[in-house]
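Engineer: Just need the structure, nothing else, for what follows:
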Amino acid sequence: MKTSDDGPLHQRLGAEFRRRIASGEWPEGQPVPTEAQLCEEFGTSRGPVRQALAQLRAEGHLVGGRGRPPVARRIAPSQPFASLMSFTQWAHSIGRTPGQYTVEVARRRALPDVAGRLGLDEGAPVVDLVRVRHLDGVPAMIERSTFVLDAGLHLFAVDPDAGSVYEALTSRGVDLHHARHTIDAIAAGPEDAGLLGIEAGQPLLRVRRLAHTRDGTPVEYADDRYLPAMATFTIENTVGGRTVAGRDPSDAAPHRTTSEETE
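Structural biologist: Numbering: from 1, shown residues only. The predicted structure is shown next:
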């Protein structure tokens, strides 16, 4: 299999090896091909192959050694809250290649729950966006966002498959300033399972996001559902920061919430 032509060979090999582990092509717990086999497959010397394997070992994607063949290990990259606003930026920050395909962009009437969160009248016009996001070509999460009409109409003038929707919207003057994130777990329904290529009922990490303008006006409500094997979340507190944990009274079921504001 050929790699892309971008970047040093050992980095391109590393990206391909990570993809194979993440996709299950190299099953977890099973030895990966030998250096000789990889050199023959990619038509290269041992140097780049060894560099790529060493990097994967340092990242935890390979375990074993000392005379034993390295064994594949799937790890979930950690996503800090500072990057929750942009899947694309987070993926680049951890050296992964983001991707997506758009399921739909549609103007419709707001359902009662979403209308209430966005401060709209029930049935007010909104724009819905549904995308499946990838890391190195492997499905990682389903992104469902509902934008107030003024912001969402811009989605019909951009290509949602081209990258970060937030970058596209802010470049067109949409004020996306801060957001509140609520994380819990949910079982995959038939639609989620079909989009992610998993069995219905498997657990997903759900991140619900309410984004605001600088003056606090709600502009987007999102429901993102991650495969746990593809992402975890970390929270970092600083003395001068304002990271708050508590209960969200808007939902009946108790769960942990985190608020984050960026200046």
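Engineer: All the strands of this protein, in order from the start?
Structural biologist: Counting by DSSP state E, the chain forms strands over residues 62-63, 71-72, 78-80, 98-109, 125-135, 138-148, 178-187, 203-212, 218-226, 232-234, 244-247, 256-260, given from the N-terminal end onward.
Engineer: Mean pLDDT added to the ones you listed, as JSON lines?
Structural biologist: Written out in JSON lines, the entries for these read as follows (pLDDT from 0 to 100):
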{"stretch": "strand 62-63", "mean pLDDT": "83"}
{"stretch": "strand 71-72", "mean pLDDT": "88"}
{"stretch": "strand 78-80", "mean pLDDT": "49"}
{"stretch": "strand 98-109", "mean pLDDT": "94"}
{"stretch": "strand 125-135", "mean pLDDT": "95"}
{"stretch": "strand 138-148", "mean pLDDT": "94"}
{"stretch": "strand 178-187", "mean pLDDT": "89"}
{"stretch": "strand 203-212", "mean pLDDT": "92"}
{"stretch": "strand 218-226", "mean pLDDT": "94"}
{"stretch": "strand 232-234", "mean pLDDT": "73"}
{"stretch": "strand 244-247", "mean pLDDT": "36"}
{"stretch": "strand 256-260", "mean pLDDT": "36"}
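Engineer: Quick one: closest of those strands to residue 196.
Structural biologist: Each of the strands of the chain was scored for nearness to residue 196 using C-beta to C-beta, and the closest is strand 138-148 (5.0 Å). Every residue, glycine included, has its C-beta placed from N, CA and C.
Engineer: Make CSV from the strands of the chain and add distance to residue 89 and mean neighbour count to it.
Structural biologist: Rendered in CSV, the data for these read as follows (distance: least, C-beta to C-beta, whole Å; neighbours: other C-beta atoms under 10 Å):
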stretch, distance to residue 89, mean neighbour count
strand 62-63, 27, 18
strand 71-72, 28, 19
strand 78-80, 10, 15
strand 98-109, 9, 15
strand 125-135, 12, 20
strand 138-148, 14, 22
strand 178-187, 14, 16
strand 203-212, 15, 19
strand 218-226, 15, 21
strand 232-234, 15, 13
strand 244-247, 23, 10
strand 256-260, 15, 16
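Engineer: Tabulate those strands in CSV, adding columns for distance to residue 158.
Structural biologist: Converted to CSV, those look like this (distance: least, C-beta to C-beta, whole Å):
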stretch, distance to residue 158
strand 62-63, 39
strand 71-72, 38
strand 78-80, 24
strand 98-109, 9
strand 125-135, 11
strand 138-148, 12
strand 178-187, 20
strand 203-212, 17
strand 218-226, 15
strand 232-234, 28
strand 244-247, 33
strand 256-260, 25
